[in-house]
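Chemist: Quick one: sequence and predicted model below, then my questions.
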Amino acid sequence: DGSDFQGYCRGLRVANGFGLFGPEGDLFGAINQGNWVATCRVDHLKKDVFYGFPSGQPASEQEYRNPSEPPPPALWLPRELSPSVSQFVEVKDDRFGPFEGQMILGDFQRGVLMRACFEKVDGEWQGAAMDFLRGFRGAVNRLRFGPDGALYVGGCKRTWSTPAPDEGSLERVSFTGKTPFEISRVSALSDGFEIRFTEPLNRARASDPENYVVAQFNYRYHQAYGSPEFDHSGKADSRTELPVSEVTVSEDGLSVFMTVPGLRAGYVTQIRPYAVTNQKRKRLLNDTAFYTLNRIPSAE
């Protein structure tokens, strides 16, 4: 009734975006890198859960002085993708192109939009993030879809460093009706990934395992600001490259099914189909996705 405030969850560092996402309206938060936060991330927020950053009430003094490692986020955003994540919105319909049901995220420092697709594995959210749009006049900070189906992007400049040229901005992003050649979504499989694209593929290029780069890395939970990337052996500032042993193209030419031996759960997986083209031999507008592989699905 508005007469009382109660703590819902705790341990969030600079949560510069909150919102509902998914068919059931789950609560998510976009968290910025810092002490105890390895890199920017998106968390599915649940009641009474601690998310890693020592804080005041409703956290206890014991938790503040000796914080415990939090659950993994639904989405890690490597620093090359997002040094300062901001607000996000969900694409609700097809007026914004072929991305219905996906998340559009801003990054303040880079002044860009990113795109993320999610799925539930063993009942928990995880997914992939990738670059989407660049060239904004202001540092991207607030997003909202208008009744016209366009995305309105609010930018400012005074709170953090950014190369954006304007002190403030309000910009509109509309779908032209011309679909870009992009990675549409990434889904985890028991032995690899399915990658779906927005346009039919050149089968010869798409079926060649040599045209893909896959690597894994994870982060450390510690008090220092941010975290290096660690490979499978624990080496800092390193990624473990993995072979792609087989690629099968779907009948409609829009998907590939990749077999990747050596995948480990608990790692961010970089997936780059760098030499894959559409049927007109046009390359991808953005060719790298980062999938947060918290859980590997069981074979059906």
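Modeler: Looks like it arrived, so ask away.

Chemist: from here on, contacts and neighbour counts on C-alpha atoms
Modeler: Will do.

Chemist: ranges for the strands of the stretch 1-150 of the chain?
Modeler: Taking DSSP state E, counting those that start in this stretch as the criterion, the stretch 1-150 of the chain carries its strands at 15-21, 26-31, 41-44, 75-76, 85-90, 103-107, 112-121, 124-133, 139-145.

Chemist: Okay, now the unreliable bits of the stretch 51-200 of the chain?
Modeler: 56-58, 159 (pLDDT under 70).

Chemist: how many other residues sit next to Val276?
Modeler: If you count neighbours by other Cα atoms under 10 Å, Val276 ends up with 23.

Chemist: let me fix that: Val213
Modeler: Residues within reach of Val213, counting by other Cα under 10 Å, total 17.

Chemist: And for it, nearest residue in space, chain neighbours not counted?
Modeler: Once flanking residues are discounted, Val213 sits nearest to Arg272: 5.0 Å by Cα to Cα, 6 or more residues apart in numbering.

Chemist: For that neighbour, give its distance to Glu241.
Modeler: Arg272 sits 11 Å away from Glu241, going by Cα to Cα, to the nearest Å.

Chemist: so what's in contact with the two at the same time?
Modeler: Counting by Cα atoms under 8 Å, 6 or more residues apart in numbering, the contacts common to Arg272 and Glu241 are Val213, Val214.

Chemist: And the helices in the protein?
Modeler: According to DSSP state H, the chain carries its helices in the segments 61-65, 203-206.

Chemist: And those: which comes nearest Arg281?
Modeler: Closest of those to Arg281 is helix 203-206, at 9.1 Å (criterion: Cα to Cα).

Chemist: sorry, back to before: wait, doesn't the residue nearest to Val213 sit right on Ala289?
Modeler: Yes. Counting by Cα atoms under 8 Å, Ala289 is a contact partner of Arg272 at 6.5 Å.

Chemist: How many residues are close by the residue nearest to Arg110 when sequence neighbours are not counted?
Modeler: Distances taken as Cα to Cα, 6+ apart place Thr162 nearest to Arg110, at 6.3 Å, with adjacent residues excluded. Applying other Cα under 10 Å, we find 19 residues neighbouring Thr162.

Chemist: OK, contacts around Thr162?
Modeler: Counted by Cα under 8 Å, 6+ apart, Thr162 has contacts Phe108, Gln109, Arg110, Gly111, Ala139.

Chemist: now Pro83
Modeler: Counting by Cα under 8 Å, 6+ apart, Pro83 touches Asn32, Gln33, Thr39, Cys40, Asp107, Gln109, Arg110.

Chemist: Show me the strands in the stretch 151-300 of the chain, by range?
Modeler: Under DSSP E, counting those that start in this stretch, the stretch 151-300 of the chain gives strands at 151-156, 168-173, 183-189, 192-197, 213-217, 240-242, 246-249, 255-259, 267-272, 289-293.

Chemist: Could I get those strands in CSV, plus columns for distance to Lys92?
Modeler: Converted to CSV, the strands of the stretch 151-300 of the chain look like this (distance: least, Cα to Cα, whole Å):
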stretch, distance to Lys92
strand 151-156, 11
strand 168-173, 15
strand 183-189, 15
strand 192-197, 19
strand 213-217, 31
strand 240-242, 35
strand 246-249, 29
strand 255-259, 23
strand 267-272, 26
strand 289-293, 22
